[in-house]
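Visitor: Quick one, what's the 3D model for this:
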Amino acid sequence: MISAWTKHCKSEEEKQQYQESLKRVKWVLDDLTALVETNVSSIELQETSPKSYDSPNWPYRQAHANGYKEAMKDFIKLITLDPKETNGRQPPQSG
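Guide: Presented below is the predicted three-dimensional model:
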């Protein structure tokens, strides 16, 4: 688990309790991960569409899409409590 989840805990006991509560709702975080991955896939499909290149603002749109995807990968990394448990997914690579 990424230490950011428990850095607010004031004692080891509080940290353990918080970690256990997170593990109980892991299924929610897994569902959220799947939703975010669907959004990222949608962005990737849009940016490879030939129509997207017709815009004179294409570089700005591409930069925006890249930033969005990077933020979503960071988010997925955060909500994956155990990076070894990726349910068949590859853990997001940090840039």
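Visitor: Distance-wise, check the residue nearest in space to the middle of the chain relative to Tyr60.
Guide: Closest to where the C-alpha atoms of the chain average out (CA atoms, centre = their mean) is Ile76, at 1.9 Å. Remark: distance between Ile76 and Tyr60 (CB to CB, to the nearest Å) = 25 Å. For every residue, glycine as well, the C-beta is placed using N, CA and C.
Visitor: One more: Lys7?
Guide: Taking CB to CB as the measure, Lys7 and Tyr60 are separated by 36 Å.
Visitor: pLDDT averaged over the helix or strand where the residue nearest to the centre of the chain lies, what's the number?
Guide: Take DSSP states H and E as the rule and Ile76 turns out to sit in helix 58-79. Looking at helix 58-79 alone, the average pLDDT works out to 92.
Visitor: Mind listing what's buried along it?
Guide: Along helix 58-79, the positions that meet the burial threshold by neighbour count (16 or more other CB atoms under 10 Å) are 65, 69, 72-73, 76, 79.
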